[in-house]
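Novice: After the sequence you'll find the predicted model.
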Amino acid sequence: MKRPGPLLTLLAGLVLGLLLLTLNATTGEKTASSAQEEKSPSPAPTQSVAAPKPTPTPTPTVSRVPVVDADYSGHTDDKAATVGVKVRDGKAVAYFCDGRTKESWLRGPVRDDGTMMLTGKNGAKLDGTLRDGRQIDGTVDVGGGHYTFSAENAKKPAGLYRATATVASTQIDGGWIVLKDGSQVGIVTRDGKPSAAPRIDPETGAVTIDGEQLTALPVTP
């Protein structure tokens, strides 16, 4: 009887070879898969996009009105008094007069936008706006009263006039507004006591007060 040794050895070798082939095949698949994963590109990093800066709102420009050298005259809305304004070189002088007892001279600058705030004695003030060089609208506060007025552009001899003198030891101070239609409103103060003023000649400024002939001169700022 023969021994089975060589046959068993051969079978063992075949089994071992099969095992090695199976192991190599498995290892190769895993290696290829791993290589494929290594070669896969990484996703690009996300970049943050800065938000656009808001466009700044342009600053509105101030509406400018030509400040025309001119004379303006008119009445308060209640017709209780007359207002005259003279504008020269960016400055203004105004005269408020009711033709009887209440008056005030006011002065101040005219701004580039045509507005003005003029002031006078005893807290008197005038707030006005020059509109297209044709008229001045505003308010005036004098002697405890508040008035709204409108004064239109007026050509010479319209304008503001004033005369000061001493007559028979009496201090005379007269003020007049000559309107565009030629009418006049004025007050003469004698030693601080006001009364209605006589008419002046607007062409020459001549006026007679208490028997004395005086000259009323145009008023400038």
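Specialist: Nice, I can see it. Numbering: from 1, shown residues only.
Novice: Got phi/psi on the nearest residue to residue 208 once chain neighbours are set aside?
Specialist: Closest residue to residue 208 in three dimensions, ignoring its sequence neighbours and counting by CB to CB, 6 or more residues apart in numbering: residue 198, at 6.6 Å. Heads up, the C-betas are built off the backbone N, CA and C, glycines and all. When quoted as degrees, to the nearest 10, the phi and psi of residue 198 stand at phi -70, psi 160.
Novice: same thing with residue 103?
Specialist: Main-chain dihedrals, residue 103, degrees, to the nearest 10: phi -150, psi 160.
Novice: Can you give me the distance of it to residue 67?
Specialist: According to CB to CB, to the nearest Å, residue 103 stands 26 Å off from residue 67.
Novice: out of those two, which sits in the more crowded spot?
Specialist: Between residue 103 and residue 67, residue 103 has the larger neighbour count (other CB atoms under 10 Å), namely 26 against 21.
Novice: looking at it, that one is touching residue 84, isn't it?
Specialist: No - the criterion here is CB atoms under 8 Å, and residue 103 misses it with residue 84 at 11.1 Å.
Novice: Residue 199: what's it in contact with?
Specialist: With contacts defined as CB atoms under 8 Å, 6 or more residues apart in numbering, residue 199 is in contact with 184, 207.
Novice: measure the nearest residue to residue 119 once chain neighbours are set aside to residue 172 for me?
Specialist: Nearest residue to residue 119 in three dimensions, chain neighbours excluded: residue 125, at 5.2 Å (CB to CB, 6+ apart). Distance, residue 125 to residue 172, by CB to CB: 27 Å.
Novice: who's more crowded, those two?
Specialist: Relative neighbour count places residue 172 above the other of residue 125 and residue 172, with 18 against 15, counting by other CB under 10 Å.
Novice: Look up the closest residue to that one, ignoring the ones flanking it.
Specialist: residue 165 (5.0 Å).
Novice: In contact with that neighbour, which residues?
Specialist: Contact partners of residue 165, counting by CB under 8 Å, 6+ apart, are 172, 209, 212, 214.
Novice: On the strand side of things, show who the first one bridges to.
Specialist: This points to residue 172. Residue 172 has these beta-bridge partners by DSSP bridges: residue 165, residue 190.
Novice: oh, and call the first residue 625 from now on, that's how I've got it
Specialist: Got it, the first residue is 625 from now on, which makes the last one we talked about residue 796.
Novice: Quickly note the distance from it to residue 819.
Specialist: On the measure of CB to CB, residue 796 and residue 819 end up 11 Å apart.
Novice: cool, and residue 834?
Specialist: 11 Å.
Novice: and if you look at residue 741?
Specialist: For residue 741, the distance to residue 819 (CB to CB) stands at 30 Å.
Novice: Neighbour count for the two, which is higher?
Specialist: Neighbour count, other CB under 10 Å: between residue 741 and residue 819, residue 741 has more, with 15 against 12.
Novice: Check which helices and strands the helix or strand where the more buried one lies sits against.
Specialist: Per DSSP states H and E, residue 741 falls inside strand 739-744. Packed against strand 739-744, as judged by 3 or more CB pairs under 8 Å, 6 or more residues apart in numbering; DSSP states H and E, are the following elements: strand 715-721, strand 727-733, strand 749-755, strand 759-766.
Novice: go with 10 Å
Specialist: Applying 3 or more CB pairs under 10 Å, 6 or more residues apart in numbering; DSSP states H and E, one finds that strand 739-744 contacts strand 706-712, strand 715-721, strand 727-733, strand 749-755, strand 759-766.
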